[in-house]
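**Q** Sequence and predicted structure below; questions after.
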Amino acid sequence: MTPERVRLTGYAHGGGCACKIPPGELEAVVASLGGVSTTPAVAGAELVVGLDGGDDAAAVRIDGDRAVIATTDFFTPVVDDAYDWGRIAAANALSDVYAMGGDPLVALNLLCWPRGSLPMELAGEVLRGGLDVASSAGCFVAGGHSIDDPEPKYGMAVTGVAQVSELLRNDAGRPGTPISLTKPLGVGVLNSRHKATGEVFEQAVASMTALNRDASLAARAAGLRCATDVTGFGLLGHLYKLARASGVAAVVESSAVPYLDGAREALRDGYVSGGTRRNLDWVRPHLSSEVGEGELLLLADAQTSGGLLVAGEVPGAPVVGELVAAGHPSVGDATVVVR
């Protein structure tokens with residue numbers, strides 16, 4: 001088998017962030033763990049952001065206004081090209097730091113590889129892709145960990161730094177705040193089509209490999225303090241988590257949401273992942289909608305390395321909705337309204 005002929009997505013049961021454990025199941029498991037240690041090994045350290053708000057990463061104050069951001073993310077192949085998969089996985093892992101208002105400092109590779117069935121040269125291409133994206137972010141890559149695994153997986157554990165006063169977090173949303181989205185949706189349905197047919201969608205690769213650095217910097221410069229990134233739980237899932245943590249509701253104007261070219265055609269032709277359907281099922285009890293099922297599936301589409309969803313206006317990013325007070329007449333008992 002030569003590397004040029006390998007279809008990496010064929011070695012995975014799913015693809016990218018669509019392989020996440022369903023959010024309802026995951027929350028039930030995490031809830032059973034109870035609290036975290038309150039006796040830090042480092043004197044003066046303080047856990048500023050942990051499990052409570054469902055944020056993208058943990059934040060620990062180390063002194064004054066300085067915080068360390070810690071996160072990890074890895075997944076199965078989302079595209080067949082090994083180098084592109086490495087770039088996508090790295091951009092996705094780095095995004096958690098940007099989504100918290102931090103800057104990545106150092107990353108460690110996480111590689112699972114079926115060494116008996118896939119050439120190790122391909123593993124090298126995956127790692128090279130990750131290194132190139134991390135380098136473009138100004139982030140060191142200093143080793144990591146690998147195991148022999150029947151299914152290929154790749155990602156990074158990333159450590160970043162931030163100012164506590166500039167953290168972007170799920171629980172800081174306030175009524176009357178517009179909602180900005182910094183990347184178009186649709187990579188989920190396009191990746192599903194790619195896995196099924198082998199068609200390559202360069203617009204999806206370009207979106208997934210683009211760093212969220214500039215969007216994060218713009219949000220911080222504008223004084224915004226509430227954000228998350230849109231990944232495996234889709235826009236509806238991540239917006240629901242943000243609204244719930246902030247004690248508000250959210251209204252989405254579906255006509256304002258941007259999509260990648262080809263996304264609607266992929267939906268029409270049935271390329272919807274199981275992860276996307278589970279996302280919509282999870283949010284549905286908290287959802288009021290004036291649009292059809294297809295539109296809701298696109299809004300719940302499981303994204304890989306998606307953009308930032310920011311409470312506030314980000315220059316150059318479309319405003320796709322607004323946070324409103326919970327129980328407002330326009331939302332009733334719903335947490336998320338789509339119209």
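**A** Good, I have the coordinates.

**Q** so what's the residue nearest to the spatial centre of the chain up against?
**A** Nearest residue to the geometric centre of the chain (CA atoms, centre = their mean): T231, 2.8 Å. T231 makes contact with 17, 20, 92, 95, 238, 302-306, according to CB atoms under 8 Å, 6 or more residues apart in numbering. Placement of C-beta: from N, CA and C, glycine included.

**Q** Whichever of the residues you listed end up buried, select them in PyMOL.
**A** In PyMOL syntax, the buried subset of the contacts of T231 is picked out as below (16 or more other CB atoms under 10 Å):
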select buried, resi 17+20+92+95+238+302+303+304+305+306
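
**Q** show me where pLDDT drops low in the stretch 51-200 of the chain?
**A** Nowhere does the stretch 51-200 of the chain drop to pLDDT under 70.

**Q** Now do stretch 310-322, average pLDDT.
**A** Stretch 310-322 shows a mean pLDDT of 97.

**Q** So what touches that stretch?
**A** 168, 172-174, 176-182, 215, 218-219, 222-227, 239, 242, 246, 250-253, 256-258, 307-308, 323.

**Q** Of those residues, select the buried ones using a ChimeraX command.
**A** Buried members of the contacts of stretch 310-322, defined by 16+ other CB under 10 Å, are picked up in ChimeraX with:
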select :168,172,173,177,179,180,181,182,215,218,219,224,225,226,227,239,242,246,250,251,252,257,307,308,323
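
**Q** Please flag which of the contacts of stretch 310-322 sit within helices.
**A** 215, 218-219, 239, 242, 246 (DSSP state H).

**Q** Going by secondary structure, I21 is in what exactly?
**A** Taking DSSP states H and E as the definition, I21 sits outside all helices and strands.

**Q** State the pLDDT value of it.
**A** For I21, pLDDT reads 72.

**Q** The closest residue to it other than its chain neighbours is in what secondary structure piece?
**A** Spatial nearest neighbour of I21, excluding adjacent residues (CB to CB, 6 or more residues apart in numbering): V29 at 7.9 Å. Using DSSP H and E, the element containing V29 is helix 23-31.

**Q** Buried residues, the following helix or strand past that helix. List them.
**A** Next helix or strand after helix 23-31 toward the C-terminus (DSSP H and E): strand 46-49. Buried residues in strand 46-49, counted by 16+ other CB under 10 Å: 47-49.

**Q** Return the list of strands paired to the helix or strand containing V106, each annotated with direction.
**A** Per DSSP H and E, V106 falls inside strand 103-113. Using DSSP bridges, the strands paired with strand 103-113 are strand 140-148 (parallel), strand 153-163 (antiparallel).

**Q** any idea which of the contacts of T231 is closest to L267?
**A** Of all the contacts of T231, the one sitting nearest L267 is A302; the distance, using CB to CB, is 12.8 Å.

**Q** measure that closest one to L108 for me?
**A** Between A302 and L108 the distance is 25 Å, computed by CB to CB, to the nearest Å.

**Q** Check A58 too.
**A** 16 Å.

**Q** Following the chain past the helix or strand harbouring I69, name the next helix or strand.
**A** In this assignment (DSSP H and E), I69 forms part of strand 66-75. Downstream of strand 66-75, the first helix or strand assigned by DSSP H and E is helix 82-99.

**Q** what are the C-alpha coordinates of that following helix, in PDB please?
**A** Output of helix 82-99 as PDB, limited to C-alpha atoms (Å, rounded to 0.1, in the frame of the first residue of the first chain):
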ATOM      1  CA  ALA A  82      -2.600  13.000   6.200                       C
ATOM      2  CA  TYR A  83      -0.900  16.400   6.200                       C
ATOM      3  CA  ASP A  84      -4.200  18.300   6.100                       C
ATOM      4  CA  TRP A  85      -5.600  16.100   8.900                       C
ATOM      5  CA  GLY A  86      -2.600  17.100  11.000                       C
ATOM      6  CA  ARG A  87      -3.200  20.800  10.300                       C
ATOM      7  CA  ILE A  88      -6.900  20.600  11.000                       C
ATOM      8  CA  ALA A  89      -6.400  18.700  14.300                       C
ATOM      9  CA  ALA A  90      -3.700  21.200  15.500                       C
ATOM     10  CA  ALA A  91      -5.900  24.200  14.600                       C
ATOM     11  CA  ASN A  92      -8.800  22.600  16.400                       C
ATOM     12  CA  ALA A  93      -6.700  22.000  19.600                       C
ATOM     13  CA  LEU A  94      -5.300  25.500  19.600                       C
ATOM     14  CA  SER A  95      -8.800  26.900  19.200                       C
ATOM     15  CA  ASP A  96      -9.700  26.000  22.800                       C
ATOM     16  CA  VAL A  97      -7.000  28.400  24.000                       C
ATOM     17  CA  TYR A  98      -8.100  31.200  21.700                       C
ATOM     18  CA  ALA A  99     -11.800  30.500  22.700                       C
END
